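1. coordinates for the following, if possible.
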Amino acid sequence: MKVSREAKSPGTQRPHEHPAGSADWSIALESYSRYPGCPPPPEVPRLNTRQALLDSGLRLFNAQGFDRTTVADLRRAAAVSNGSFFHAFASKEQLAGELLLMALGSYHRAMIAALAGGPGAAEGVRALVVAHLDWVVCHEAEARFLFEQSRAEWAAQVREGRRAENAAFSEAIARWREPLTAAGFVRPVPPAVLASQIIGPAQMFCRAWLSGRDGTDPRSVSADLAECAIRAVVVQKEQQP
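-> As a prediction, this is how the structure comes out:
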């Protein structure tokens, strides 16, 4: 059954639809969507200047793009002075870089949590596909920013931070994958190939949803996507040693 992206609580808005300067709008460390099956937003105390700017940056960068967003726009949306902005961030590039690392870390934590307890090959692949889809839908604003801005020119300034974050994530995936590969349950393919087979198709659905090309909730096809990923990377029983 298809789940429409319009199927959310009456009267609610997506994170990027909140008016500029709204005191109730906050992503804290993670933005929360109001789509069915997503956790409710946490109660967040009154924002400090830095967090208010991060929240405003996420909303404005998603709504009008990085290049079209000025420091003045960010200050007005967060209701802070020019001096307060530059006390918190040296530039809008630094603000965007911090948002990118926060979003990447949030995504990685969700994926690693899906492998808690050391699931088997098929169970782990299924859990990763579901975790990817859940994170994108329930953290829509962060997902849009991460996927659309990660190759921007300004993102080079956080290259080392991204490299460290990706390395830690790769190590966590390897701790799950390597014993299963050694035992003959997961195909012995390079890590990049494994990731493309598990996450690639799900990511295509997510990008279409985030762009508005397809309003179908990506989670509605999670079972099919997981089954395809399992067939691609898990050694079938008759082929196992």
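
2. quick check: what element follows the one helix or strand Asp134 maps to along the chain?
-> Asp134 belongs to helix 121-138 when assigned by DSSP states H and E. Per DSSP H and E, helix 121-138 leads on to helix 140-149 as the next helix or strand towards the C-terminus.

3. next, the buried residues of the longest helix that the chain contains.
-> Determined from DSSP state H, the single longest helix within the chain is helix 159-182. Of all the residues in helix 159-182, those buried under the rule 16 or more other CB atoms under 10 Å are Arg162, Glu165, Phe169, Ala172, Ile173, Trp176, Arg177, Leu180, Thr181. Backbone N, C-alpha and C define where each C-beta goes, glycine included.

4. and the angle for that helix with helix 121-138?
-> Going by axes from the mean of the first three to the mean of the last three CA atoms, to 10 degrees, helix 159-182 is angled at 150 degrees with respect to helix 121-138.

5. what's helix 159-182 packed up against?
-> Contacts defined by 3 or more CB pairs under 8 Å, 6 or more residues apart in numbering; DSSP states H and E place helix 159-182 against helix 92-113, helix 121-138, helix 191-211.

6. list the buried residues in the shortest one.
-> I take that to be helix 121-138. Applying 16+ other CB under 10 Å to helix 121-138 flags 121-138 as buried.

7. got it, and stretch 190-198?
-> Buried residues in stretch 190-198 (16+ other CB under 10 Å): Leu194, Ala195, Gln197, Ile198.

8. farthest pair within those?
-> Ala195 and Gln197 (7.4 Å; CB to CB).

9. low-confidence bits of this protein, can you list those?
-> The chain contains residues with pLDDT under 70 at 1-34, 41-47, 237-241.

10. 80 instead, please
-> 1-37, 39-47, 237-241 (pLDDT under 80).

11. how about the residue nearest the centre of the chain: what's its closest non-neighbour residue?
-> In the chain, the residue lying closest to the centroid (CA atoms, centre = their mean) is Ala143, at 3.9 Å. Among residues not flanking Ala143 along the chain, Val136 sits closest, at 4.3 Å (CB to CB, 6 or more residues apart in numbering).

12. residues touching that neighbour, list them.
-> Ala143, Cys206, Trp209, Leu210, Pro218 (CB atoms under 8 Å, 6 or more residues apart in numbering).

13. list just the nearest of those residues to Ala79.
-> Among these, Ala143 lies closest to Ala79 (CB to CB), at 26.5 Å.

14. ok, the closest one to Gln203 distance?
-> Distance of Ala143 to Gln203, computed by CB to CB, to the nearest Å: 10 Å.

15. again with Asp217
-> 15 Å.

16. these two: which is more packed in?
-> Per other CB atoms under 10 Å, whichever of Asp217 and Gln203 has more neighbours is Asp217, with 22 against 18.

17. got the phi and psi for the more buried one?
-> Dihedral angles of Asp217 (phi, psi; degrees, to the nearest 10) stand at phi -60, psi 120.

18. isn't it right next to Val137, touching?
-> Yes. Asp217 is within contact range of Val137, at 6.3 Å (criterion: CB atoms under 8 Å).

19. tell me, what's touching those two both at once?
-> Shared contacts of Asp217 and Val137, counting by CB under 8 Å, 6+ apart, come down to Tyr35, Trp209.

20. circling back to that earlier point, give me the contact list for the longest helix of the chain.
-> Residues outside helix 159-182 that contact it (CB under 8 Å, 6+ apart): 97, 100-101, 104-105, 108, 111-112, 115, 118-121, 124, 155, 186-188, 191, 194-195.

21. how does it look with 6 Å?
-> Helix 159-182 is contacted by residues Leu101, Leu104, Gly105, His108, Ile112, Leu115, Ala121, Gly124, Val186, Pro188 when judged by CB atoms under 6 Å, 6 or more residues apart in numbering.
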